[in-house]
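Enquirer: coords below, sequence missing:
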């Protein structure tokens, strides 16, 4: 653990915690104003705090995702790949996805500038 950039990892833990708690304001406070975020189940990206807020609000009205970061792989230039254990349920509680996925974050000035879904390292 000692070779990992602790502030970035703490930032990402806090962002996942905000997402899982459905605390949009807490999560958005950790992102740049022009953050780029993938529309995981729809395709494409949203950009900026209000688009992320609208996307998550829509997403949570349709599905119930829970994402737990498990391993962090620091890369170059402020990028970190996070191995995530993801369980997605429909609103009735039926599991739609139970899988490991990769999230690549770009961190700028201590904030999340972008996230993309990637293959696991």
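Expert: Arrived safely. Because the structure is a prediction, the values reported are computed rather than measured.
Enquirer: Just give the nearest non-adjacent residue to the most centrally placed residue in the chain, would you?
Expert: When CA atoms, centre = their mean is applied to the chain, the residue found nearest the centroid is residue 16 (6.0 Å). With CB to CB, 6 or more residues apart in numbering as the criterion, residue 16 has its nearest non-adjacent residue at 5.2 Å, and that residue is residue 69. The way it works is simple: take the backbone N, C-alpha and C, and place the C-beta from them, glycine included.
Enquirer: can you pull the contacts of the one you found?
Expert: By CB atoms under 8 Å, 6 or more residues apart in numbering, the residues touching residue 69 are 12, 13, 16, 82, 83, 84, 103.
Enquirer: go again using 10 Å as the cut-off
Expert: Applying CB atoms under 10 Å, 6 or more residues apart in numbering, we find residue 69 in contact with 9, 12, 13, 15, 16, 17, 80, 82, 83, 84, 85, 103.
Enquirer: May I see the buried residues of the helix or strand hosting it?
Expert: Element membership for residue 69, per DSSP states H and E: strand 63-74. The neighbour-count check on strand 63-74 (16 or more other CB atoms under 10 Å) flags 64, 65, 67, 69, 72 as buried.
Enquirer: what pLDDT does residue 41 get?
Expert: pLDDT, residue 41: 76.
Enquirer: List the buried residues in stretch 94-113.
Expert: So, applying 16+ other CB under 10 Å, buried residues of stretch 94-113: 101, 102, 103, 104, 105, 106, 107, 112, 113.
Enquirer: part of a strand, is the first one?
Expert: Yes: assigned with DSSP: H, G, I helix; E, B strand; the rest coil, residue 101 falls within a strand.
Enquirer: close enough to count as contact, it and residue 84?
Expert: Yes: at 5.2 Å, residue 101 counts as touching residue 84 under the criterion of CB atoms under 10 Å.
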